[in-house]
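1. Here you go, sequence then predicted model.
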Amino acid sequence: MSRVLIIGAGLTGSVCACLLRRELPQKCKIVVWDKSRGAGGRMSTSRSPTDPACTVDLGAQYITATPYYARIHQSFYEELQAQGILTPLVTSVEGMASKEEGLKNYVTPKGVSSIVKHYLKESAGAEVFFDRHVTHVYRRGACWEVCRKNGEPEQFDAVVLTMPVPQILQLQGDVGSLMADPQREQLEAVSYSSRYALGLFYPPHTHIPAPWAAKYVSNSPCIRFIAVDDKKRHTESPDCGPSMVVHTSVPFGVQHLEAEKEQVQPLIMQELQRLMPHLPQPASIKCQKWRYSQVTRSVADCPGQMTLFSQPLLVCGGDGFTHSNFDGCVESALKVFEVLKSSL
Ligand SMILES: Cc1cc2nc3c(=O)[nH]c(=O)nc-3n(C[C@H](O)[C@H](O)[C@H](O)COP(=O)(O)OP(=O)(O)OC[C@H]3O[C@@H](n4cnc5c(N)ncnc54)[C@H](O)[C@@H]3O)c2cc1C
């Protein structure tokens with residue numbers, strides 16, 4: 001049995017793990033490492049420090065299926081709906097640009113990370129470890145030796161990298177030297193937007209003075225999107241306080257990218273107060289800096305994946321190789337899986 005390491009427990013990594021488990025159960029032993037403390041990556045759901053039932057989605061907000069992807073990823077949508085992980089978005093999102101006819105929007109009643117957790121659960125038998133920050137990858141004969149912060153290196157027969165492309169380029173060891181020049185140029189040309197997200201948690205029975213569940217803001221240099229998260233997901237409950245998420249605009253994110261979160265949070269709160277003067281003070285706030293938020297230029301001429309080395313296999317995937325949404329990640333995971341299938 002080959003030992004396959006998937007680096008990243010976001011959507012791409014978790015779908016890869018699930019496909020390997022379902023389609024090649026006898027061929028490989030799957031290991032997943034992520035540097036964070038939990039699953040989700042940019043599909044992250046954060047809990048209130050005082051009430052674990054009160055949660056907020058800090059990254060992805062809702063899933064939009066175009067008619068094309070609804071058809072080609074039909075089995076993925078059907079499975080997630082059958083499990084109650086995706087439900088139709090029924091409230092309107094003020095200012096949402098409808099780019100195409102026939103779009104279907106979904107929300108995640110248990111938080112957007114429940115999608116990723118579902119695929120990890122479906123990878124039964126895979127060993128999933130958090131707090132494993134990969135720093136170096138070395139070629140050792142027919143294997144890869146993978147080093148992490150605060151732990152012993154381990155050897156694997158194949159390695160899948162699913163982190164944002166700039167983080168792939170930051171890996172030390174042999175990854176850079178084994179990469180062909182055109183591949184490095186393709187990866188270096190990839191770009192992402194940057195933004196901040198604030199999660200605001202309120203005590204039970206707090207009234208949020210907003211007629212909408214979510215809204216795109218067009219008259220602020222700082223704030224681009226606000227959602228009353230439990231209202232957006234149709235999970236309002238008298239036992240649990242409401243939660244809100246605020247996304248900054250990309251220009252604001254870029255301008256404050258190197259600042260400390262503690263300095264940026266009051267700026268966003270001040271602007272939120274200006275936009276919503278009757279908003280009560282939250283019980284707690286979580287500030288997240290998304291240095292790599294959404295892909296603005298993906299890897300050219302390399303749909304879905306890039307094989308950096310074929311024997312032993314080192315392959316990269318993720319939204320950097322497609323586009324930044326649910327379907328982009330599923331498309332990439334399917335392409336990475338095809339490569340694994342033909343190599344294991
Ligand atoms: C603010 C925001 C809003 C968004 N809105 C939407 C939306 O509404 N709808 C939608 O469909 N999509 C949305 N997206 C995009 C979507 O979230 C991403 O496309 C998707 O989550 C990317 O998944 P991924 O698995 O490819 O990468 P990631 O989710 O980034 O997963 C990569 C994982 O690798 C881990 N990692 C990185 N480096 C290392 C290392 N050295 N060692 C170990 N682990 C490492 C990270 O911790 C992370 O968990 C949004 C994203 C953001 C940030």
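-> Ah, there it is.
2. Now residue 108: closest residue in space, sequence neighbours ignored.
-> In space, and not counting its chain neighbours, residue 108 is closest to residue 114: 5.4 Å by CB to CB, 6 or more residues apart in numbering. Any C-beta I mention is one placed from the backbone N, CA and C, and that applies to glycine too.
3. Count the residues that sit near that neighbour.
-> Residue 114 has 22 neighbouring residues, counting by other CB atoms under 10 Å.
4. That one touches residue 45, doesn't it?
-> Yes: look at residue 114 against residue 45 with CB atoms under 8 Å: they come within range, at 7.3 Å.
5. ok so, going back, where's the residue nearest to residue 108 relative to residue 125, distance?
-> 21 Å (CB to CB, to the nearest Å).
6. What score does residue 140 have for pLDDT?
-> pLDDT recorded at residue 140 is 97.
7. can you pull the contacts of the residue lying closest to it once chain neighbours are set aside?
-> Of all residues beyond its chain neighbours, the one nearest residue 140 is residue 155 (6.4 Å), with distances taken as CB to CB, 6+ apart. Contacts for residue 155 were tallied using CB atoms under 8 Å, 6 or more residues apart in numbering; they are 3, 140, 143-146.
8. Looking at residue 155 now. What's its pLDDT?
-> We have a pLDDT of 98 for residue 155.
9. For it, I want the exact helix or strand it lies within.
-> Assigned by DSSP states H and E, residue 155 belongs to strand 154-156.
10. partners of that strand in the sheet?
-> Sheet pairing of strand 154-156 (DSSP bridges) gives strand 143-148 (antiparallel).
11. and the gap between residue 270 and the ligand?
-> Remark: distance between residue 270 and the ligand (CB to the nearest ligand atom, to the nearest Å) = 20 Å.
12. does that residue count as helix, strand or coil?
-> With DSSP: H, G, I helix; E, B strand; the rest coil as the basis, residue 270 sits in helix.
13. Tell me which stretches of the stretch 51-200 of the chain form helices.
-> 67-72, 74-82, 113-121, 165-169, 175-178, 181-188 (DSSP state H, counting those that start in this stretch).
14. just to revisit the earlier point, bridging across strands, which residues link to the residue nearest to residue 140?
-> As assigned using DSSP bridges, the partners bridged with residue 155 are residue 145.
15. that older thread, so does the strand holding residue 155 get close to the ligand?
-> No: judged by CB under 6 Å from any ligand atom, strand 154-156 makes no contact with the ligand; its nearest approach is 13.0 Å.
16. give me phi/psi at residue 157?
-> phi -80, psi -30 (degrees, to the nearest 10).
17. Quick check: it touching residue 143?
-> Yes: the pair residue 157 / residue 143 is scored as a contact, 6.0 Å apart, by CB under 8 Å.
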